[in-house]
Structures are given as structure tokens and as C-alpha cells.
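**Student:** Any chance you could fold what I've pasted below:
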Amino acid sequence: MTVTDHGLHTEAEILQQPVLWPEVARLVADHRTELEALLGPLLNDPTSRILLCGAGTSAYAGQVAGSALSTALGRQVEAVATTDLVTAPAAHLVPDVPTLIVSFARSGNSPESLAATELADQLLGDVRHLVLTCDSEGGLARAHRGRATSVVLLMPPAANDRGFAMTSSFTCMTLAALLALGGSDEGTADRVEQLSGAAAMLLADRAQIAELAGLRPDRVVYLGSGALTGLARESALKLTELTAGEVVTLAESSLGFRHGPKSVLTPRTLTVVYVSNDSYTRRYDVDLLAELTAGQDPGPVLAVDGSGRADLPGSVHVLRLRGVADLPDAWWGLPAVLVAQLIGLESSLLRGHTPDNPFPTGEVNRVVQGVTIHPWQHDPR
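**Tutor:** The predicted structure is shown next:
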């Protein structure tokens, strides 16, 4: 089965991403003056901190963007899940240190999203907020709109995914972070055009993805290094969500996989490795691919590659993204994650689920429910 025209929000939201990314670039450029006013004092202060915050898929957006931004800015950029920050704020918020909180949130209505920014305001003396969200009427956008120390960047309306799983919202917010914090808009249009072109070519020929999903693997493992580790985590979550947990998934770094998680492999496990464009990092990914395919009946292995280099083992399935060989991993990872989104969509349909609402009885919700935010109390222990 190839996913074509099922009338699903999820499918349409996967397919529209190449068109949305240039819109994201334009909206960031339109807000450049505001961004420079917000970011300038922090970026010029070597003691300041930048925290990328979100929950679930939004946390993985921060993990993907963080390493690229650390390199671009020449300073540490930290990805901290709001689910960690809210439960242990003293471990992540350092008083009297100038801090930028970058919040990723599709709706901005998750309790942790709002609580994280409120705790930062409460515990930090000098804090600024960059809010990347898809819902203009969400709680996070409303809380920060018009504040002197906040900038709210609203993604294109179509990025506010109506399906259960975040697809367009993930890639648009990740791209917005890379563009907003990465500096000048010079050359941005060409780079975004590369991403859109690679994604469009991938979406035009999905037979290999449909074939792998059609194997109905009992487990799927996603692996990557650096920024691509965060991409692997997001990829695994998409399949878990869209199949209502029916397919067991695991995500790890390429090196970390050997340290125990490799035990999950069975002959019916599909392993997907995002192979780094960085020549040094790539060696570890290629070594792992060779190891995976040298074992007895390891199950199918897919290498998702943006470099076009001829250094991959001949026994692996290779899906090559074209036109992105010169891009950092966090950037070409945006079209690459469409592979995982399509595997998730195909797998959901093959197993008789409804991708737009995999949990019709409400065990898991599009916007997290049931979370009680407790007032902050310092425990000196």
C-alpha cells in the first residue's frame, strides 16, 4: 500500500511541509528586528544561557536544533525538556544568570509549557522568552504576546497540525529556531530551497518506504549521532503514536546502541540509521551499519543518507536525499524525518488504525491532560 489521498489530516500535513518551510523563512526574516533586540544583549554576554524547551516532540525539536546552534553561535545551547524543568526547576534554572528560554509548542496549551515559562519568570532575575508556536490563541502565545521581554513567532496556520501526531509543526518550529537564532538571513532562501527540494523528491517516490513498512516489522529502531539522535527519538515517537503503541520502538545514538539497547534486535526488527553528513561523526554511523549487517539474520537495515558518499555497506537498504550534501545534520534532518513520518503513517494504516486519532477512547490525548502543576517550593536538601 502506498499512502495516497486517504483524506487524512496527517497525510496532508506530511505532504505540505516542503511548501511551508519557505513561509517559515519569510516570517523569521520579517521579525528579524524584534529578534535582534531580544537576542542581542544575551548573545553579547558570554555568561548568559540559552535553553531550548518543550515536551515530547517539542522537546526533540530542541534536541535537534541545539547542537547546530551551539556550533553556529560558538557557545553551549542546552536542550531541556519542560517535563524535566517543571519537576526539578532548581536543577535547570540558575538565578542571576541572564537566560533565554526558547519554548517550542504546537498548541501552547500543555500545562508544562506554561509552567516552564512561569517558573523561569519566578526564579530568574534576567530572563527573556522566544516562543515558537502554531496556535495564535494558545495559552503560551497569549501569555507572552506584547511583553517587552518576549517575542512570539507564530508558524504558518497550516503548521498547526489537526492530526494527533506532530509533523508539520515539528519541522516548522525546528527550522524557525535554526533561522531565528542562527543569525543573518543571508543565504537562507537558498538553504531552505535545498530542504524543500529534497523533501519534494522524497515525497514523489515513496515506494521504498512503503515496501519497508509492508514488511510489518515487530520492532523498529531509529539511530543517529549528534543532532540526529534527537531526530531518532522523534522518529520513534511518531511510529509509537500512529500505531497506538502496537509497534515497539527504540531510539538511541549510534554509539550508545551497543551499550545494552542492541539487545532489542530480532530478525523482524527494522533498523533505521540516519547517517551524518559530518565526515568525522559519519565514521561511527558507518561502523555501526557494518556491524548490524555482519550479524546472522539481523533484520532489514535502512540507511537514510544525505551525503551521496559511496561508503555505506552494500547489504543495507539506502534511501538517499538529494541536494543536501553540504548541509549540517540538523538542517538536512528536516526532510529526512519525513521518512519516519511516512513509515508511521503506512504502518498505522496497515494495522487498521486511524492515524488522525489513534486513541479514539482517549487514553492518550493530542494536548496532554491530567497534569497538576504544583506551586514551587525550595527544598534545601
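**Student:** And Val152, how far from Asp190?
**Tutor:** 27 Å (CB to CB, to the nearest Å). C-beta: built from backbone N, CA, C; applies to glycine.
**Student:** and what of Ala303?
**Tutor:** Taken as CB to CB, the span from Ala303 to Asp190 is 27 Å.
**Student:** So for those two, which residue has more residues nearby?
**Tutor:** Ala303 (23 against 8; other CB atoms under 10 Å).
**Student:** So what are the sheet partners of the helix or strand harbouring that one and their directions?
**Tutor:** In the assignment (DSSP states H and E), Ala303 maps to strand 301-305. Its sheet considered, strand 301-305 pairs with strand 269-275 (parallel), strand 317-320 (parallel) by DSSP bridges.
**Student:** Quick one: the strands in the stretch 101-250 of the chain, in order.
**Tutor:** 127-133, 150-154, 219-224, 248-253 (DSSP state E, counting those that start in this stretch).
**Student:** got the buried residues for the last one?
**Tutor:** Under the neighbour-count criterion of 16 or more other CB atoms under 10 Å, strand 248-253 has Val248, Thr249, Leu250, Ala251, Glu252, Ser253 buried.
**Student:** what's the angle from the longest helix seen in the chain to strand 301-305?
**Tutor:** Scanning the chain for the longest helix, with DSSP state H as the assignment, gives helix 329-350. Interaxial angle of helix 329-350 relative to strand 301-305 (axes from the mean of the first three to the mean of the last three CA atoms, to 10 degrees): 140 degrees.
**Student:** what's the average pLDDT for helix 329-350?
**Tutor:** Here helix 329-350 scores 97 as its mean pLDDT.
**Student:** Quick check: buried residues in it?
**Tutor:** Result for helix 329-350 [16+ other CB under 10 Å]: buried residues 329-349.
**Student:** Next: stretch 47-54.
**Tutor:** Ser48, Arg49, Ile50, Leu51, Leu52, Cys53, Gly54.
**Student:** between the residues you listed, which is closest to His353?
**Tutor:** Gly54 (25.4 Å; CB to CB).
**Student:** Check what pLDDT that closest one gets.
**Tutor:** 97.
**Student:** Check the gap between it and Phe104 for me.
**Tutor:** To Phe104, Gly54 is 4 Å away according to CB to CB.
**Student:** Need the residues touching each of these two.
**Tutor:** The contact sets of Gly54 and Phe104 overlap at Ala61, Gly62 (CB atoms under 8 Å, 6 or more residues apart in numbering).
**Student:** Looks to me like Ser263 is in a helix.
**Tutor:** Yes - with DSSP: H, G, I helix; E, B strand; the rest coil as the criterion, Ser263 is located in a helix.
**Student:** For it, give me the pLDDT.
**Tutor:** Taking Ser263 on its own, its pLDDT is 92.
**Student:** Now do the contacts for it.
**Tutor:** Going by CB under 8 Å, 6+ apart, the list of residues near Ser263 is empty.
**Student:** Next one: it from Ser225, what distance?
**Tutor:** 20 Å.
**Student:** SS state for the residue nearest the centre of the chain?
**Tutor:** What sits nearest the mean C-alpha location of the chain, by CA atoms, centre = their mean, is Ala61, with 3.4 Å. Following three-state DSSP, we place Ala61 in the helix state.
**Student:** Correct me if wrong: it contacts Cys53.
**Tutor:** No - look at Ala61 against Cys53 with CB atoms under 8 Å: they stay out of range, at 9.9 Å.
**Student:** what touches both of the two?
**Tutor:** Shared contacts of Ala61 and Cys53, counting by CB under 8 Å, 6+ apart, come down to Phe104.
**Student:** burial count for Phe359?
**Tutor:** By other CB under 10 Å, neighbour count at Phe359 equals 15.
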